[in-house]
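Peer 1: Got a predicted structure here, sequence first:
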Protein chains: 2
Amino acid sequence: MSKEKKLVEEITSMDEDFAKWYTDIVKKAELMDYSAVRGCMVIEPYGYALWENIVSILDKKFKDLGHENVSMPLLIPESLLQKEKDHVEGFAPEVAWVTHGGSQKLQEPLCIRPTSETMFCDHFSKKIHSWRDLPKLYNQWCSVVRWEKTTRPFLRSLEFHWQEGHTAHETPEEAMSETKQMLEVYAKFCEEELAIPIIKGRKTESEKFSGAEVTYTIEALMHDGKALQSATSHYFGDKFAKAFDISFQNRNNEPEFVYQTSWGMTTRIIGGIIMVHGDDRGLVLPPAVAPVQVIIVPIALHKAGVKEKSEEIFNILKDVCRVKLDDSDKSPGWKFAQHEMRGVPLRLELGPRDIEKNQCVIVRRDNFEKVTASIDDLRNCIPEILKKVRNNMYAKAVDRRNHMTYEAKVKEEFYNFALNNPGFIKASWCGDEKCEKEIKDGTAFTSRCIVGKADISDKCVNCERKSKYDVYWAKAY
Amino acid sequence: MSKEKKLVEEITSMDEDFAKWYTDIVKKAELMDYSAVRGCMVIEPYGYALWENIVSILDKKFKDLGHENVSMPLLIPESLLQKEKDHVEGFAPEVAWVTHGGSQKLQEPLCIRPTSETMFCDHFSKKIHSWRDLPKLYNQWCSVVRWEKTTRPFLRSLEFHWQEGHTAHETPEEAMSETKQMLEVYAKFCEEELAIPIIKGRKTESEKFSGAEVTYTIEALMHDGKALQSATSHYFGDKFAKAFDISFQNRNNEPEFVYQTSWGMTTRIIGGIIMVHGDDRGLVLPPAVAPVQVIIVPIALHKAGVKEKSEEIFNILKDVCRVKLDDSDKSPGWKFAQHEMRGVPLRLELGPRDIEKNQCVIVRRDNFEKVTASIDDLRNCIPEILKKVRNNMYAKAVDRRNHMTYEAKVKEEFYNFALNNPGFIKASWCGDEKCEKEIKDGTAFTSRCIVGKADISDKCVNCERKSKYDVYWAKAY
């Protein structure tokens, strides 16, 4: 078992150095590797398979709601990026510029998309003429580039993968309902499939998307008490439509501007999965997206019948779950540690004595609970146990989140919590950006989202004037 | 029926102007739209759904053969691109350069990947140490940029989507066998799923991929007699491995360079589907990749029971094929023309009299054959008819290809065919690049592929010296 120990020891413990624990995991579980370009990563097979599972679930949800996938160009002319004033102010400082094509200098620089609102708007302006052309419910899976100064694998990178939904509607109500519907899709996906509890709310003016009228967000709490913005959904009203002249003949035969939304989730969520569920042994993956849900580890592989029985079990399970048989020549101990580190939800152990009894041992990654199961019952019990794993992971995460959420009624309480307790602080706020900024400057806590009308206190936690909203605050990734 | 006529009339006929026929189809069938960036297109929902079906079939084939998907960065540092001499010579003239990030000038320009050999090699050099790390069987779905001067939708664009497989092996034999295996995957996919007959062969030295030792290709013949290179598979030997220092400890504990391959298919193949199968009414899509395989068009939709029965049939078929019900308020004639133009393989018509007889009428897009089918039998007969559609499309394409393939034994014959008959010319060649160039300069026919040893004639069709190979020649896209 020395190898096993060594392997596990290689991961820095969370309490010792959370940031190092995180990078140890992404590297050692082979989710990603650094590349020759600063801030751009190679997503390795295990990391990419995780992303493919996320894509496949979300893509189905989007399509079931009538969205269609399209592909917009990677490059955006400078003049197009500049059409919507707030949008360009937000993004221009962080785009990459293509100035030469082949050996020629370009007449107009092109930026690599930091997001594709401008491209969708340009397309919409050509394709939408009548209310009969609406709604347009589009989505795109692609990568985008934002020239970040400091980068971290998955959490903040120059290039990242995402989906960006872009829709156009006849009425503000319909667009708003789409905005909220998509937030709900993300929320359910995080909670049900990823077992990540989230807080839903609205961004303040200073935190909203450049060009949006309203930005909704889901925020998750990481193991270290910092928040991760996990997906956003924006309502644009007709702001972009006016800038890009996307007008249509409405049902009264009058010209009107369309109402738009956009919404996105990124490879960042992989960082969220790691930091919500991981432990000192490594990754703990939610079954719904784990590339391997069950790893079969034979014990005494050389003994008669073990290999054959392992293969038989593999065949029994292969259309029930994502199963893999590890029949490599490494020791069982090494394999245990390796697959634990990679976060495989269930390990299925099988040795000569188990075979005699027509049984095997199933070990859960989330709580290390062992159960003995009859081989005849595997097709039923594995999906059941996977459900239990998800439920337990979710319950643990909710529990931790609740333990790390504090209510502050007055400024002293807020500062006290903020300086001593990592986590969410829930507090009432007057709505003034000045107070938001003072809190940020004083505590490094930013407003994560407005969750409703002021209920915690009728006074703003910062200035004691009348409060308007209850807000979640946290340090954030 | 005036609307129907008008709609059909809008497509230029093939014989009148093939290039215009092509662009009419891609625009009117809403496969793509032009964008604000020269040579970059918006792939619209119908075109993207076609690509998604191609992706999904190929992706499964790759994975079944043990390949894993990864993601490499979009940007490549200039110094990395320059590591393999032949590779950089081929690609440097056609790359887009990022020179500024945010507001800063970059110290080293980054190019947008024209292909990712250099990135994969850089990664391999870090990850491969021992024969135990081999083979690496990687694939990536992404878009790449090549700064082309003249562009055409799908056929040649600045940005295009593709997959690029990149593998590293212990022995030259294994790498060569992978190269050939992947060519076979593409060939089968084209023939079986896309109903496109192809010629398999090897590229001449002057036509091979920059940096490859051997390039294999599949070539298809379009309706206008021009060839389309439809996929390629390259054997690199250890050329890249030496340039990027990808060495491993072999089974004899000696250091050795790996042997590599790469292989790709692109959105170009959509152009191939259009130009092999299309006709003057528009697209004709192979069932395996058609976004809609069966369109239900109710007749007299307002009459009692028609809408309900149409929905019932939709429900009967929805898990058997990709079916859609067109219950819009357009006339049946308009719908017929519209879905024909969009190449839907089967139209299912259903009117009050059909309902009385518990039947419907199925019309094939490939040959306009009508059959009457019992509604009770639809789940069986639709898949059967779809198979017949594919078989007939393939047979027609093979037939046309054969009728447009000529054997030339002497120069006069070659020039005569080349100037008067669009299509393939099969002729023997000495292997000298000078002859290849003379043929190209004199006829605009390029060597498409070497298919075997000289058999047609023992003399080169150009210089009359001893011939070495039989080669397919054609004008090419």
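Peer 2: All right, it came through fine.

Peer 1: The closest residue to A:I456 other than its chain neighbours: how many residues sit nearby?
Peer 2: With sequence-adjacent residues excluded and distances taken as Cβ to Cβ, 6 or more residues apart in numbering or on different chains, A:I456 is closest to A:S428, at 4.7 Å. Every residue, glycine included, has its C-beta placed from N, CA and C. By other Cβ atoms under 10 Å in any protein chain shown, 23 other residues sit near A:S428.

Peer 1: my guess is A:S428 contacts A:E464, does it?
Peer 2: No. Contact criterion Cβ atoms under 8 Å: A:S428 and A:E464 do not qualify, at 10.4 Å.

Peer 1: give the contact list for the residue nearest to A:I456.
Peer 2: By Cβ atoms under 8 Å, 6 or more residues apart in numbering or on different chains, A:S428 lies in contact with A:409, A:454-461, A:467-471.

Peer 1: Please apply the same query to A:K27.
Peer 2: A:K27 touches A:D33, counting by Cβ under 8 Å, 6+ apart.

Peer 1: how far away is it from chain B?
Peer 2: 11 Å (Cβ to the nearest Cβ, to the nearest Å).

Peer 1: Surely that residue is within a helix?
Peer 2: Yes. If the criterion is DSSP: H, G, I helix; E, B strand; the rest coil, then A:K27 is within a helix.

Peer 1: what's the residue most central in space within chain A sitting at in phi/psi?
Peer 2: Centrality entry for chain A: nearest residue to the mean C-alpha point is A:I269, 2.0 Å, by Cα atoms, centre = their mean. A:I269 adopts backbone torsions of phi -60, psi -20, taken as degrees, to the nearest 10.

Peer 1: give me the number of residues near the nearest residue to it once chain neighbours are set aside?
Peer 2: Nearest residue to A:I269 in three dimensions, chain neighbours excluded: A:S230, at 5.8 Å (Cβ to Cβ, 6+ apart). By the criterion of other Cβ under 10 Å, A:S230 has 24 neighbours.

Peer 1: show me what contacts the closest residue to chain B within the stretch 201-350 of chain A?
Peer 2: Closest residue of the stretch 201-350 of chain A to chain B, Cβ to the nearest Cβ: A:T267 (8.8 Å). By Cβ under 8 Å, 6+ apart, the residues touching A:T267 are A:I43, A:W51, A:F154, A:S157, A:F160, A:H161, A:W162.

Peer 1: Need the nearest residue in space to it, chain neighbours excluded.
Peer 2: Nearest to A:T267 is A:H161, by Cβ to Cβ, 6+ apart, at 4.6 Å.

Peer 1: So the one you found lies in a strand, does it not?
Peer 2: Yes. Residue state for A:H161 (three-state DSSP) corresponds to a strand.

Peer 1: partner residues bridging it?
Peer 2: On the basis of DSSP bridges, A:H161 takes part in beta bridges with A:S143.

Peer 1: That one and A:V145 touch, don't they?
Peer 2: No. A:H161 is not in contact with A:V145 according to Cβ under 8 Å; the separation is 11.2 Å.

Peer 1: Compare those two (neighbour count), which wins?
Peer 2: Between A:H161 and A:V145, counted using other Cβ under 10 Å, A:V145 has the larger neighbour count: 25 against 22.

Peer 1: ok so, going back, which one of the contacts of A:T267 has the most neighbours?
Peer 2: Neighbour-wise, the contacts of A:T267 (other Cβ under 10 Å) top out at A:F154, 27 neighbours.

Peer 1: which residues does that one contact?
Peer 2: A:V26, A:L31, A:M32, A:M41, A:F160, A:T267, A:R268, A:I270, A:G271, A:I274.

Peer 1: just A:D366 next, same as before
Peer 2: A:H277, A:V284, A:P345, A:V389, A:N392, A:M393, A:K396.

Peer 1: Let me have these in TSV, extended by neighbour count and pLDDT.
Peer 2: What follows is the contacts of A:D366, written out as TSV (neighbours: other Cβ atoms under 10 Å in any protein chain shown; pLDDT from 0 to 100):
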residue	neighbour count	pLDDT
A:H277	22	98
A:V284	25	98
A:P345	27	98
A:V389	24	98
A:N392	15	98
A:M393	24	98
A:K396	17	98
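
Peer 1: and these, which of them are in helices?
Peer 2: Counting by DSSP state H, those place A:H277, A:V389, A:N392, A:M393, A:K396 in helices.

Peer 1: Look up how far chain B lies from the second one.
Peer 2: With the distance defined as Cβ to the nearest Cβ, A:V389 ends up 25 Å from chain B.

Peer 1: what sits against A:S328?
Peer 2: A:K335.

Peer 1: helix, strand or coil for it?
Peer 2: Per three-state DSSP, A:S328 ends up coil.

Peer 1: what's the pLDDT at it?
Peer 2: Looking at A:S328, its pLDDT stands at 95.

Peer 1: Got the phi and psi for it?
Peer 2: phi -70, psi 170.

Peer 1: Equivalent analysis for A:R281, please.
Peer 2: Taking degrees, to the nearest 10 as the convention, A:R281 sits at phi -90, psi -10.

Peer 1: what about the closest residue to it other than its chain neighbours, neighbour count?
Peer 2: For A:R281, ignoring the flanking residues on the chain, the nearest one in space by Cβ to Cβ, 6+ apart is A:E340 at 4.9 Å. Under the neighbour criterion other Cβ under 10 Å, A:E340 is assigned a count of 22.

Peer 1: Backbone torsions only: list them for A:E340.
Peer 2: Dihedral angles (degrees, to the nearest 10) for A:E340: phi -60, psi -50.

Peer 1: A:G165 too?
Peer 2: phi -90, psi 140.

Peer 1: what number of residues lie near it?
Peer 2: Around A:G165 there are 25 residues (other Cβ under 10 Å).

Peer 1: my guess is it contacts A:H234, does it?
Peer 2: No. Using Cβ under 8 Å, A:G165 is not in contact with A:H234; the gap is 9.7 Å.

Peer 1: what touches both of the two?
Peer 2: Common neighbours of A:G165 and A:H234 (Cβ under 8 Å, 6+ apart) are A:T261, A:S262, A:W263.

Peer 1: who's in contact with the last one?
Peer 2: Counting by Cβ under 8 Å, 6+ apart, A:W263 touches A:E164, A:G165, A:T179, A:M182, A:L183, A:Y186, A:A231, A:T232, A:S233, A:H234.

Peer 1: Can you name the helix or strand that it falls in?
Peer 2: Using DSSP states H and E, A:W263 sits within strand A:259-266.

Peer 1: So what are the sheet partners of that strand and their directions?
Peer 2: strand A:159-169 (antiparallel), strand A:227-237 (antiparallel).

Peer 1: Could you tell me which residues of the stretch 151-300 of chain A lie near chain B?
Peer 2: Within the stretch 151-300 of chain A, the residues that sit near chain B (Cβ under 8 Å from any Cβ of the partner chain) are A:L158, A:E159, A:H161.

Peer 1: now with 10 Å?
Peer 2: Residues of the stretch 151-300 of chain A lying close to chain B (Cβ under 10 Å from any Cβ of the partner chain) are A:S157, A:L158, A:E159, A:H161, A:T267, A:P291.

Peer 1: I'd like these written out as CSV, with pLDDT added.
Peer 2: Converted to CSV, those look like this (pLDDT from 0 to 100):
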residue, pLDDT
A:S157, 95
A:L158, 96
A:E159, 97
A:H161, 98
A:T267, 98
A:P291, 98
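
Peer 1: and which of those is nearest B:K242?
Peer 2: Closest approach to B:K242 among those (Cβ to Cβ): A:E159, at 29.0 Å.

Peer 1: quick one, what contacts the closest one?
Peer 2: A:E159 sits next to A:35, A:37, A:39-41, A:96, A:112, A:143-146, A:148, A:151, A:267, B:71-75 when contact means Cβ atoms under 10 Å, 6 or more residues apart in numbering or on different chains.

Peer 1: sorry, back to before: looking at the contacts of A:F154, which are in strands?
Peer 2: A:M32, A:M41, A:F160 (DSSP state E).

Peer 1: Count the residues that sit near the second one.
Peer 2: A:M41 sits with 25 neighbouring residues when counted by other Cβ under 10 Å.
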